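Asker: Structure here, sequence nowhere to be found:
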């Protein structure tokens, strides 16, 4: 048998192999290991323990993912016509660089709305799974005693009230200090996590998605699901990049490139070793770019896969602008990256011609390092202030009159910090039309995505952002990509959409199984048949938990 000879070439075999360690893969690895299956999780990136995330310019110069050039960093940037995407490469997937928001999808958005596209599941199908994921990741609303000392949180809430916008809580998967407790207090047992690292409560330094939290304050997947999976016997292999997939009679052969011994910073002189693993059950969780790419690239081995492969791609409506030059001190470097959100509902349907889609806008933030960069953008003004300060110091030295007050000049050197302290990123997401189509061109992933089709949605989000900027006594400042008719997403979705039949989608909505390919599953953002609307992480994890139930109960 051809399949049998292929099976003999496998270096090892597992009951289940999970490709990717994001919100789908981590949940699946834990649930299947918990059920007693022999599980191997393959992650192409490295572990990123506290203290290892980039902070200096030199660190960031080495922070990208491109192993063919010796780059094994955290960030993987993809660029397509009109749309760009930033994803991560590391143990814990997107949870390493996300802003910790765990919002449930609106119950009504499963069935109707401007997109006129009902999902093949409803809220009731995920309700218990939302509960289970929340119990593991323990999201909490930003505590009032911390919000009271966070200028951007207060300004954002006041602007929403002033503009008549609905402010909603944004549950955050962060461990905060309790009232009366110092910021950054240690918590937890280092032996309970895969890094064997001491964790510290949030220090409010705005570094949640600047390469990751160096204090372990985030309840990211490496500290939660992956640590729990390892305790239950799951084998975790980092720096193992999946290249090829082949169906065989007793499962799927997975061909893996092993980067474990690669020298970082220099292109490899010889090809890294390849190994083959037999997966009696294979779960693809490489993300909405990685999973469709793997299936499209290996499509010859899967001739009966749904023609919907590569369809219904979107960026979850991600959009960023800035409320700039505010008369208030917003201090975006103080607090977690996101503290709360404004919710704008779909048009109420009273006018059938009104198809305005719903969306969210959340307050953003960045670290103190980026605040310094913002101030350097005002270098000409700072240089003149420095000259004035030096002239006054020289005059005092020559005349002996050292009593002159120089505080004003010194303040001008730092610009009053108005540019950085008075500028707040505004982060939008919502019901963008899922019109992107993925394909392979010259061996590389390509996405056909129309900015013009998406533009009406983004215009609505920008209107909300302009109102919030006005409410903060600021002006709206567009990012440079918008001026080039482009957007960037950190929440790519679609490509392997759910569907009850192969004509409707790639993946069965009951168990995540790929139609026509038993025991091949997809559990990540690629299965979404459209935008989630809010931050999609919780919904991806809840859907993976639903799929795991079906597998464990032998319903798959």
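Answerer: Now that the structure is in, tell me what you want to look at. Since the structure is predicted, the reported quantities are computational estimates derived from the model, not experimental observations. Residues are numbered from 1 along each chain as shown.
Asker: Secondary structure element holding the residue nearest to residue 358 when sequence neighbours are not counted?
Answerer: Across the structure, with Cβ to Cβ, 6 or more residues apart in numbering as the measure, the residue nearest residue 358 apart from its sequence neighbours is residue 346 (4.2 Å). Heads up, the C-betas are built off the backbone N, CA and C, glycines and all. Element membership for residue 346 (DSSP states H and E) is empty, with no helix or strand holding it.
Asker: okay, now the residue lying closest to residue 329 once chain neighbours are set aside: neighbour count?
Answerer: Nearest-residue entry for residue 329: residue 421, 5.0 Å, with adjacent residues in sequence omitted and distances by Cβ to Cβ, 6+ apart. Summarising burial for residue 421: neighbours were counted as other Cβ atoms under 10 Å, giving 23.
Asker: Residue 421 reaches residue 325, doesn't it?
Answerer: No - taking contacts as Cβ atoms under 8 Å, residue 421 lies outside contact range of residue 325: 10.5 Å.
Asker: shared neighbours of the two, which are they?
Answerer: With contacts defined as Cβ atoms under 8 Å, 6 or more residues apart in numbering, no residue is adjacent to both residue 421 and residue 325.
Asker: if we look at the helix or strand where residue 296 lies, which residues are touching it?
Answerer: With elements taken from DSSP H and E, the one containing residue 296 is helix 287-297. Identification of contacts with helix 287-297 by Cβ under 8 Å, 6+ apart yields 19-20, 22, 78, 85, 87, 93-94, 242, 245, 284-286, 302, 305, 309-310, 313, 438-440, 443, 445, 492-496, 506, 522, 524-526, 528.
Asker: For PyMOL, what selects the buried ones among those residues?
Answerer: Written as a PyMOL command, the selection of buried residues from the contacts of helix 287-297, which uses 16 or more other Cβ atoms under 10 Å, is:
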select buried, resi 19+20+22+78+85+87+93+94+242+245+284+285+286+302+305+309+310+313+438+445+492+493+494+495+496+506+522+524+525+526+528
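Asker: now, which of the contacts of helix 287-297 lie within helices?
Answerer: In helices, judged by DSSP state H, none of these are found.
Asker: Which of the contacts of helix 287-297 fall in strands?
Answerer: Among these, the subset assigned to strands under DSSP state E consists of 19, 78, 85, 87, 242, 245, 284, 438, 439, 440, 445, 522.
Asker: Need the per-residue pLDDT for the fifth one.
Answerer: Looking back up the chat, that one is residue 242. Looking at residue 242, its pLDDT reads 98.
Asker: Residue 315 versus that one, what's the distance?
Answerer: Computed with Cβ to Cβ, to the nearest Å, the distance linking residue 242 and residue 315 is 24 Å.
Asker: From the chain's centroid, how far away is stretch 436-456?
Answerer: Distance of stretch 436-456 from the chain centroid (Cα atoms, centre = their mean, to the nearest Å) equals 20 Å.
Asker: Stretch 208-215 too?
Answerer: Going by Cα atoms, centre = their mean, the spacing between the C-alpha centre of stretch 208-215 and its chain's C-alpha centre is 12 Å.
Asker: May I have the distance across that stretch, first residue to last?
Answerer: Start-to-end span of stretch 208-215 (Cα to Cα, to the nearest Å) is 10 Å.
Asker: Contacts made by it with the rest, please.
Answerer: Where contact means Cβ under 8 Å, 6+ apart, the residues beyond stretch 208-215 that reach it are 48, 50-55, 59-60, 63, 74-75, 90, 96-100, 174, 184, 199-200, 202-203, 207, 218, 220, 336-338, 365-367, 369-370, 490.
Asker: List the buried residues for that stretch?
Answerer: 208, 209, 210, 211, 212, 213, 214, 215.
Asker: what does stretch 452-464 give?
Answerer: Residues 454, 457, 458, 460, 461, 462, 464 are the ones in stretch 452-464 that count as buried (16+ other Cβ under 10 Å).
Asker: How is the closest residue to the fifth one other than its chain neighbours assigned, secondary-structure-wise?
Answerer: Ranked by Cβ to Cβ, 6+ apart and with sequence neighbours excluded, the top spatial neighbour of residue 461 is residue 428, at 4.0 Å. Here residue 428 is recorded as strand under DSSP: H, G, I helix; E, B strand; the rest coil.
Asker: Kindly report the same for residue 257.
Answerer: The assignment at residue 257 comes out as strand when based on three-state DSSP.
Asker: Please name the residues that touch it.
Answerer: Residues in contact with residue 257 (Cβ under 8 Å, 6+ apart) are 67, 240, 241, 242, 243, 272, 273, 274.
Asker: Nearest to residue 482, out of these: which one, please.
Answerer: Of all the contacts of residue 257, the one sitting nearest residue 482 is residue 67; the distance, using Cβ to Cβ, is 32.1 Å.
Asker: Can you name the residues that contact residue 51?
Answerer: If you count contacts by Cβ under 8 Å, 6+ apart, then residue 51 has 197, 214 around it.
Asker: rerun at 6 Å
Answerer: By Cβ atoms under 6 Å, 6 or more residues apart in numbering, residue 51 lies in contact with residue 214.
Asker: what about residue 237, which helix or strand?
Answerer: According to DSSP H and E, residue 237 maps onto strand 235-238.
Asker: what about that strand, distance to the chain center?
Answerer: The chain centroid and the centroid of strand 235-238 are separated by 21 Å, computed with Cα atoms, centre = their mean.
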